[in-house]
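Predicted coordinates and the sequence they were generated for:
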Amino acid sequence: MLKGQKGITLIALVITIIILLILAGVTISLTLGENGLFKTAEGAAKNYVNEANKEKNLVNDLDQYVRNYAE
């Protein structure tokens, strides 16, 4: 062997790759899993649409009430 030779050992490279694979697996699981980000966002979008419709109906009811009261 050469004295003073520096570089990445094969073991360090394998450990780094294993850590990256674990992190990738965790990230994919959190994103696409049963309670992942996409499922949570879909649920939030549905809740938003439902609440917007409720608010629209309430505004229409209040408008009708005011119109009837003004007559």
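On my side now, so go ahead. Keep in mind that this is a model prediction, so the values were computed, not measured.

Please count neighbours and contacts with C-alpha atoms only from this point.
Fine.

list the contacts for the spatially most central residue of the chain?
Geometric centre of the chain, nearest residue: residue 37, 2.7 Å, by C-alpha atoms, centre = their mean. For residue 37, the contact set (C-alpha atoms under 8 Å, 6 or more residues apart in numbering) comprises 30, 31.

what's the burial count for residue 25?
12 (other C-alpha atoms under 10 Å).

going on from the host helix or strand of it, what's the next piece of helix or strand?
Using DSSP states H and E, residue 25 falls within helix 10-32. Remark: after helix 10-32, the chain's next helix or strand is helix 37-70, criterion DSSP H and E.

Next, the angle helix 10-32 makes with that next one.
Between helix 37-70 and helix 10-32, the angle comes out at 20 degrees (axes from the mean of the first three to the mean of the last three C-alpha atoms, to 10 degrees).

avg pLDDT for helix 37-70?
The pLDDT scores in helix 37-70 average 94.
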